[in-house]
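Colleague: model this:
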Amino acid sequence: MQLSQWLNSGRFLDVNGQQIFYKTEGTGLVLLLIHGYPTASFDWAKIWPALTNQFRCVTLDMLGFGFSDKTPKKYKIKEQAAVINALIEHLKIPQAHVLSHDYGDTVAQELMAQQLENNLGFHMASLHLLNGGLFPETHRALPIQKLLLSPLGGLLIRFLNKNAIRKSMHNIFGPNTPPSNQDINDFWTLITENNGHKYMHLLLNYMKQRIQYRERWVSALQNADVPLRLTAGMADPISGAHMVARYKQLIPNADVIELDKIGHYPQIESAEAVVNSIISFLGRYAN
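Modeller: You can find the predicted model right below:
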């Protein structure tokens with residue numbers, strides 16, 4: 001699917017005066033897909049057709065990402081969770097299974113924390129995590145991310161370009177599954193939409209929030225009241241084998257699917273394996 005097709009088949013929802021792009025398709029069990037940084041819901045495009053054949057899939061571009069509104073502010077994970085709550089309420093969905101990646105994992109952890117507090121607007125029936133910074137002590141940020149998060153970020157962001165994104169993405173994809181030129185073009189289009197490239201350093205505030213709310217978000221996984229699965233590209237230098245090892249240490253009865261030689265974007269690099277993992281995980285809920 002081309003990026004233009006993805007956009008044209010989606011819709012926009014006004015949430016507190018902010019336009020949020022979302023997309024829903026299919027029937028059956030509801031599967032909410034939450035994307036990562038710095039891209040958008042189009043990250044799911046390669047697995048979308050297979051999933052919508054079996055589930056009612058719902059996804060969105062969170063604030064500051066993709067086709068949704070972008071403003072110069074420090075984005076909060078709790079605000080992203082509130083946007084998702086608003087979307088699910090708008091769609092009148094009482095229960096959803098959740099699939100998340102990267103930044104989206106952190107949002108999903110906040111949603112789980114709210115569920116454990118009986119403050120979530122819908123019921124998360126399960127949580128399926130892909131590569132992400134679940135534990136701040138194992139998150140190995142890219143050098144460019146550290147620089148953009150620093151006080152120099154506002155100056156350095158002016159020099160961000162497609163070549164910098166290409167280099168960063170090639171560094172975090174697996175050795176045998178690099179992003180295509182079309183992938184890079186799509187990433188850059190999504191980043192620059194609504195001048196989003198000017199605010200990427202502000203989105204990175206999530207790394208500080210992960211430290212601030214570590215106990216809340218890690219305990220949300222440890223005390224989760226629904227099934228969890230982690231499907232992880234083990235060659236990911238940011239959140240790969242070292243994160244998986246920590247996950248197994250901290251999460252009781254860890255259900256982990258390890259994808260050898262796959263990097264940070266398993267849903268793009270190894271779409272079939274990710275689909276198989278999702279379907280097998282949700283098979284217990286089939287009628």
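
Colleague: low-confidence ranges, the stretch 1-150 of the chain, go.
Modeller: Along the stretch 1-150 of the chain, the model assigns pLDDT under 70 to no residue.

Colleague: does Gly240 really touch Leu230, like I thought?
Modeller: No: with contact defined as Cβ atoms under 8 Å, Gly240 does not count as touching Leu230 (11.5 Å). Heads up, the C-betas are built off the backbone N, CA and C, glycines and all.

Colleague: ok, the spatially closest residue to Val15 that is not a sequence neighbour to Leu60 distance?
Modeller: Spatially, and ignoring its direct neighbours in sequence, Val15 is nearest to Ala86 (4.6 Å; Cβ to Cβ, 6 or more residues apart in numbering). Plainly put, Ala86 is 10 Å away from Leu60 if you go by Cβ to Cβ, to the nearest Å.

Colleague: just the helices in the stretch 151-287 of the chain please.
Modeller: With DSSP state H, counting those that start in this stretch as the criterion, the stretch 151-287 of the chain has helices at 153-156, 162-172, 181-192, 200-203, 206-212, 214-222, 241-250, 266-269, 271-282.

Colleague: to His97, which of these lies closest?
Modeller: Nearest of the helices of the stretch 151-287 of the chain to His97, taken as Cβ to Cβ: helix 271-282 at 6.1 Å.

Colleague: show me what the closest one is packed against.
Modeller: Helix 271-282 sits against helix 48-52, strand 123-129, strand 228-233, strand 256-259, helix 266-269, with contacts defined as 3 or more Cβ pairs under 8 Å, 6 or more residues apart in numbering; DSSP states H and E.

Colleague: out of these, nearest to Glu25?
Modeller: Taking Cβ to Cβ as the criterion, Glu25 comes closest to helix 48-52 out of the helices and strands packed on helix 271-282, the separation being 4.6 Å.

Colleague: restricting to C-alpha, output the closest one in CSV.
Modeller: Provided in CSV are the C-alpha atoms of helix 48-52 (Å, rounded to 0.1, in the frame of the first residue of the first chain):
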residue,chain,number,x,y,z
TRP,A,48,-2.4,-4.4,7.8
PRO,A,49,-4.0,-6.6,5.1
ALA,A,50,-3.3,-9.9,6.9
LEU,A,51,-4.5,-8.5,10.2
THR,A,52,-7.7,-6.9,8.8
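
Colleague: how far off centre is stretch 86-105?
Modeller: With Cα atoms, centre = their mean, to the nearest Å as the basis, stretch 86-105 stands 11 Å off its chain's centre.

Colleague: same question for stretch 94-108.
Modeller: On Cα atoms, centre = their mean, the centre of stretch 94-108 falls 7 Å from the chain's centre.

Colleague: circling back to that earlier point, state the distance from the residue nearest to Val15 to Ile165.
Modeller: Between Ala86 and Ile165 the distance, using Cβ to Cβ, works out to 30 Å.
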